[in-house]
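Q: Provided below for reference: sequence and predicted model.
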Amino acid sequence: GEVRMVKVRVDPAGIEGIVRGAVRLGTDDPTQPNYILRYDMTVRPEVAVDAERKSLGEVAPHESPELRFRFTREVGDPLKLVLASELPPHLEAELLHEGTAADLRVTLRPGRLKPGTMAGLEVLKVATNHPRQPLFTLYLDWRLSLPVIAQPSRLVFSDLKTTLLGLELRSRDGRPFRVTKAEIRGR
């Protein structure tokens, strides 16, 4: 009839996500010599980001869409973030800190894209002041949605015998348009 309390302490260092386990407890009772105590737990990371991959979707050339990655820290010192990767010229980034949370605000500037670039997958590295989570890798994808679509998207003269290739332009929404300027780049 004796009652005893069993306490189990788990060190979550280096563990993240759903953890399931069991503890075997031995007794001196011959009718029940062993007990198996099962446990389930979810270990949250101390620093978390709302999503590691986000999409701007289709972007018109005149738009400058903005997207935010939200970082939070459970306990400890205020969160400090630093952009650890170099940004391409068509992206702008700003870090906004507010105590245990911070936002990385990324803006796409389609006007700064190299000619012919129609889509991208940007890789951003963000360093934190947490020793166990010093670096986050974030992904941002986008596609340009032009009002006029060229079929094919580019012409390549790879054979000396080929001197004529055609390019068909059509409006994405079916509206009429006219070509006001044409420019050929390259040799």
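A: Nice, I can see it.

Q: Quick check: beta-bridge partners of the most centrally placed residue in the chain?
A: Centre of the chain computed as the mean C-alpha position; nearest residue by C-alpha atoms, centre = their mean is residue 53, 2.4 Å away. Beta-bridge partners of residue 53, counted by DSSP bridges, are residue 139.

Q: Could you verify my assumption that it touches residue 139?
A: Yes: look at residue 53 against residue 139 with C-beta atoms under 8 Å: they come within range, at 4.3 Å. Every C-beta, even on glycine, is put in place using the N, C-alpha and C of the backbone.

Q: Next secondary structure after the lowest-mean-pLDDT helix or strand in the chain?
A: For the chain, the helix or strand with the lowest mean confidence is strand 148-151, at a mean of 86 (criterion: mean pLDDT, DSSP states H and E). For strand 148-151, the following helix or strand on the C-terminal side (DSSP states H and E) is strand 168-171.

Q: mind listing what's buried in that next one?
A: When neighbours are counted by 16 or more other C-beta atoms under 10 Å, no buried residue of strand 168-171 is found.

Q: what's it packed up against?
A: strand 148-151 (3 or more C-beta pairs under 8 Å, 6 or more residues apart in numbering; DSSP states H and E).

Q: Alpha carbons only: can I get the strand it packs on in PDB?
A: Taking C-alpha atoms only, strand 148-151 is exported to PDB below (Å, rounded to 0.1, in the frame of the first residue of the first chain):
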ATOM      1  CA  VAL A 148       2.400  40.800 -73.100                       C
ATOM      2  CA  ILE A 149       3.600  37.200 -73.600                       C
ATOM      3  CA  ALA A 150       6.300  36.400 -76.200                       C
ATOM      4  CA  GLN A 151       6.300  32.900 -77.800                       C
END
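
Q: Given it, what are its sheet partners and their directions?
A: When DSSP bridges is applied, strand 148-151 pairs with strand 168-171 (antiparallel).

Q: Just give me how far the strand it pairs with sits from the chain centre.
A: 34 Å (C-alpha atoms, centre = their mean, to the nearest Å).

Q: Low-confidence ranges, the protein, go.
A: Scanning the chain with the threshold set as pLDDT under 70 gives 187.

Q: where do the strands sit along it?
A: 17-26, 34-43, 47-49, 53-59, 66-73, 81-83, 91-98, 101-108, 119-128, 135-144, 148-151, 168-171 (DSSP state E).
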